[in-house]
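Q: Based on what follows, work out the 3D shape:
(one chain, ligands or ions: 1)
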Amino acid sequence: MDKCAIITGGGSGIGKAVVEALSREGTNVVVADRDEEKGGRVAREHGGLFVGVDLAAEASCRTLIDKTISRYGRVDILINNAGFQHVAPLEDFPEERWQTMLALMLTAPFLLTKYVWPNMKERGWGRIVNIASIHALVASPNKVAYISAKHGLIGLTRTAALEGGPHGITVNALCPAYVRTPLVENQIADQARVHGLPEEAVVEQIMLKPAAIKKIIEPREIADLTAYLCSEKGRSVTGACWTVDCGWTAQ
Ligand code: NAD
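A: Here you go, the predicted structure:
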C-alpha cells in the first residue's frame with residue numbers, strides 16, 4: 001500500500017519542494033497550510049489532499065491528523081516544516097508574536113508527533129523530519145522567538161528519536177542556512193530595515209558572512225535530503241541534526 005506523508009507549510013518554499021520530492025516517489029501527500037490558494041494548488045498538482053489549517057491554533061493539529069486518517073487511513077511520514085520569521089530587537093519583540101511563533105514552530109510539531117505516534121507504532125514504521133534551522137544550533141541577534149523555537153525543536157527531535165527507536169520510527173532535524181524561499185526574501189527586506197543597509201549589502205555582508213560557500217541554498221537540496229531520510233536508505237539515521245549550511249558552523 002502507498003505511504004502517506006503530511007507536509008506542514010507545503011504550499012511554499014521548502015515544504016513545496018518536499019511535497020514534489022515525496023510525491024515523485026509515489027507517496028500520497030497531505031499539504032497542510034494556512035494559505036488556501038497556494039496550498040490547494042500544490043495539493044492538486046500532486047493529486048494529494050489539502051487541509052487548510054492555522055497550525056498555531058492547537059485544535060488544528062488534531063483536525064489535520066483526523067482528516068488525513070479519514071482519507072488515507074494512515075500516516076507514515078510527518079514533515080514539520082511550517083514556520084515564519086520575525087526580526088526585531090528583544091526589548092521591542094511583540095509578546096503576542098513570541099506566543100504565535102512558539103505555538104507554530106514548537107508546540108505544533110510536538111502535538112502532531114504525539115498524534116501520529118500510535119498510528120506509526122501500530123505498523124512499526126515511521127519517519128518524522130523536523131525542518132529546524134542553523135538557528136537551532138547557533139544564535140544571531142534580533143530573532144529571539146525563532147531561535148528559541150528552533151532550539152526547542154532539537155530537544156523534541158532527540159527525545160522522540162530515543163522513544164521511537166524500538167518502534168521503527170526515526171526522527172531527525174535538518175538545519176539549513178539560508179534557502180531561496182519567500183521567507184528569506186522577506187528577511188532580506190527586514191534586515192535591510194533593521195540595519196539601515198541596501199538589500200544586496202545585507203546578503204553579502206550579513207547573511208553570507210559566516211558561510212564558507214557564498215551561496216543561497218535551493219529548496220530542492222533540502223527536499224532531496226528529506227526524501228532520503230524518509231526512505232529505507234535512511235533507516236539507521238535517527239536523532240540527527242543534519243546541517244546544510246554551506247560551512248556556517250564549521251568555524
Ligand atoms: P515559506 O514562507 O516559503 O513557507 C512557509 C509555509 O508555511 C507557507 O506556505 C505558509 O503559508 C505556511 N505557514 C506559515 N504559518 C502557518 C501557520 N500558522 N499554519 C499553517 N501554515 C503556515 O518558508 P520556507 O523558507 O520554505 O520555510 C519553511 C521552514 O524552513 C520554516 O520552518 C523555516 O523556519 C525553515 N527554514 C527556512 C530557511 C530559509 O532560509 N528559507 C532556513 C532554515 C530553516
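
Q: CA atoms for contacts and neighbours, from now on please.
A: Fine.

Q: Could you pull out the helices in the stretch 101-250 of the chain for me?
A: For the stretch 101-250 of the chain, the helices defined by DSSP state H, counting those that start in this stretch occupy 108-123, 144-164, 182-195, 199-201, 219-230.

Q: would you list the ones you listed in TSV and tack on mean pLDDT, distance to the ligand and mean neighbour count?
A: Output for the helices of the stretch 101-250 of the chain, formatted as TSV (pLDDT from 0 to 100; distance: least, C-alpha to the nearest ligand atom, whole Å; neighbours: other C-alpha atoms under 10 Å):
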stretch	mean pLDDT	distance to the ligand	mean neighbour count
helix 108-123	98	9	18
helix 144-164	98	7	21
helix 182-195	87	4	16
helix 199-201	90	15	14
helix 219-230	98	7	20
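
Q: buried stuff in stretch 45-54?
A: 46, 48, 49, 50, 51, 52, 53, 54 (16 or more other C-alpha atoms under 10 Å).

Q: before we move on, what about stretch 194-213?
A: For stretch 194-213, a neighbour-count test (16+ other C-alpha under 10 Å) marks 199, 202, 203, 207, 208, 210, 211 as buried.

Q: for that stretch, how far is the first residue from the last?
A: 25 Å (C-alpha to C-alpha, to the nearest Å).

Q: ok, residues contacting it?
A: 87-88, 178, 188-189, 191-192, 214-216, 245-249 (C-alpha atoms under 8 Å, 6 or more residues apart in numbering).

Q: 7 Å instead, please
A: 188, 189, 191, 192, 214, 246, 247, 248 (C-alpha atoms under 7 Å, 6 or more residues apart in numbering).

Q: and the third one, what does it touch?
A: Spelled out, it's residue 191. By C-alpha under 7 Å, 6+ apart, the residues touching residue 191 are residue 202.

Q: Swap in 10 Å and give it another go.
A: 87, 88, 142, 197, 198, 199, 202, 203, 206, 207 (C-alpha atoms under 10 Å, 6 or more residues apart in numbering).

Q: you'd agree residue 32 is up against residue 11?
A: Yes - the pair residue 32 and residue 11 passes the contact test of C-alpha atoms under 10 Å, sitting 7.6 Å apart.

Q: So for those two, which residues contact both of them?
A: 39, 40, 43, 50, 82.

Q: So which of these are in strands?
A: residue 50 (DSSP state E).

Q: Tell me the spacing between residue 201 and residue 177.
A: Separation of residue 201 from residue 177 (C-alpha to C-alpha): 18 Å.

Q: Equivalent analysis for residue 108, please.
A: Residue 108 is 22 Å from residue 177, by C-alpha to C-alpha.

Q: That concludes my questions; thank you for your assistance.
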